[in-house]
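Undergrad: Quick one, structure for this:
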Amino acid sequence: MKVVILAGGLGTRIAEETSTRPKPMVEIGGRPILWHIMKIYSHYGFNDFVICLGYKGYMIKEYFANYFLHMSDVTFHLAENRMEVHRETAEPWRVTLVDTGEGTQTGGRLKRVLPYVKDEAFFALTYGDGVADIDLAAEIAFHKTHGRRATVSVVRPAKRFGAVAIEGDRVVNFEEKPNDDGGWINGGFFLLSPSVGDLIAGDQTIWEREPMEQLARGDDLRAYVHPGFWHPMDSLRDRNFLEGEWAGNRAKWRIW
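TA: Purely as a prediction, here's the structure:
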């Protein structure tokens with residue numbers, strides 16, 4: 001199964017980091033969050049990636065072009081113009097990097113890379129800025145049972161602040177950052193038939209609007225409920241939270 005990752009957005013809500021690099025290259029534990037996402041898929045044996053590039057996409061190309069330098073111990077023999085790799089820490093990944101346009105919307109990016117997945121019975125799609133301890137094997141099994149063109153993971157995000165129940169001025173209940181009771185939201189781990197490309201008009205189509213709305217209206221979309229850990233990296237606060245979880249050995253998405 002091929003995995004398409006949307007990695008071309010501007011990331012304006014985390015501008016402190018993305019003014020100099022694309023959002024998927026913002027690091028958690030010294031590794032780009034893109035690497036963490038790919039490790040989640042790789043844990044389940046999915047190692048063929050198609051990455052949609054846009055804003056500062058050349059930095060993602062350079063990262064993979066120099067992967068050995070990032071992940072291995074090396075000696076440079078300057079007089080001989082030679083590099084010696086001592087410890088190789090390479091992944092079994094096949095990575096296709098596709099320039100999908102800096103101003104292209106999510107649906108347009110997906111449509112541009114459909115030629116790379118057109119022969120698949122179905123493929124995975126996710127964003128380049130969110131991690132989870134999702135059971136991808138279970139989601140795939142679920143997708144195969146319902147026979148629809150699309151599956152979307154749904155999650156309940158944690159509230160950012162503690163919930164306080166009061167009677168008068170007396171606190172009767174306090175719960176630090178409980179799960180949101182406002183309903184399920186898009187968790188970003190999709191399984192799709194290549195035929196969903198028929199629903200995407202062009203570069204300015206937003207995948208989460210018309211295409212998904214049409215799939216829902218046509219009874220062609222099913223929800224895979226993920227009750228476990230999920231967290232996006234929408235802001236600097238999110239990035240700092242994920243960094244703290246990794247540094248404290250509490251990173252629930254580290255399933256590998």
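Undergrad: Enumerate every residue touching residue 106.
TA: The contact partners of residue 106, by C-beta atoms under 8 Å, 6 or more residues apart in numbering, come to 6, 9, 206-208. C-betas here are computed from N, CA, C, even on glycine.
Undergrad: Please tell me how far it sits from residue 16.
TA: With distances taken as C-beta to C-beta, to the nearest Å, residue 106 is found 23 Å from residue 16.
Undergrad: show me the contacts for residue 135.
TA: Contacts for residue 135 (C-beta under 8 Å, 6+ apart) come out as residue 226.
Undergrad: let's go with 10 Å and repeat that
TA: By C-beta atoms under 10 Å, 6 or more residues apart in numbering, the contact set of residue 135 is 44, 141-142, 153, 224, 226, 228, 255.
Undergrad: Residue 140 too?
TA: Taking C-beta under 10 Å, 6+ apart, we find residue 140 in contact with 1, 44, 46, 122, 124, 151, 191, 224.
Undergrad: what do you get for residue 26?
TA: Residue 26 neighbours (C-beta under 10 Å, 6+ apart): 11, 14, 16-18, 20, 32-34, 128-129, 233, 236, 238-239, 242-243.
Undergrad: Just the pLDDT at it, thanks.
TA: Per-residue confidence (pLDDT) for residue 26: 96.
Undergrad: Just the buried subset of the contacts of residue 106, please.
TA: Buried subset of those (neighbour count, 16 or more other C-beta atoms under 10 Å): 6, 9, 207.
Undergrad: Closest to residue 95 out of the residues you listed?
TA: Nearest to residue 95 out of these is residue 6 (C-beta to C-beta; 14.7 Å).
Undergrad: Settle this for me: that closest one is touching residue 24, isn't it.
TA: Yes. Contact criterion C-beta atoms under 10 Å: residue 6 and residue 24 qualify, at 8.8 Å.
Undergrad: Mutual contacts of the two, please.
TA: With C-beta under 10 Å, 6+ apart as the test, residue 6 and residue 24 both reach 51, 53, 127-129.
Undergrad: Relative to residue 59, which of these is nearest.
TA: Closest approach to residue 59 among the shared contacts of residue 6 and residue 24 (C-beta to C-beta): residue 53, at 9.2 Å.
Undergrad: Spatially, what comes nearest to residue 111 if we skip its sequence neighbours?
TA: Sequence neighbours aside, residue 200 is the residue nearest to residue 111 in space, at 4.3 Å (criterion: C-beta to C-beta, 6 or more residues apart in numbering).
Undergrad: out of the contacts of residue 140, which is most surrounded?
TA: Tallying neighbours with other C-beta atoms under 10 Å puts residue 124 at the head of the contacts of residue 140, with 26 neighbours.
Undergrad: Tell me what that residue is bridged to.
TA: Here residue 124 sits in beta bridges with residue 3, residue 191, as judged by DSSP bridges.
Undergrad: Let me know whether it touches residue 117 as I believe.
TA: Yes. Using C-beta under 10 Å, residue 124 and residue 117 qualify as a contacting pair, with a distance of 9.3 Å.
Undergrad: thinking again about what came up before, which one of the shared contacts of residue 6 and residue 24 sits closest to residue 73?
TA: Nearest to residue 73 among these: residue 51, at 26.4 Å, using C-beta to C-beta.
Undergrad: picking that back up, filter the contacts of residue 135 to the buried ones?
TA: The buried subset of the contacts of residue 135 - by 16+ other C-beta under 10 Å - is 44, 142, 153, 224, 226, 255.
Undergrad: For the last one, give its distance to residue 231.
TA: Right, residue 255. 14 Å.
Undergrad: Common neighbours of these two, please.
TA: Shared contacts of residue 255 and residue 231, defined by C-beta under 10 Å, 6+ apart, are found at 131-132.
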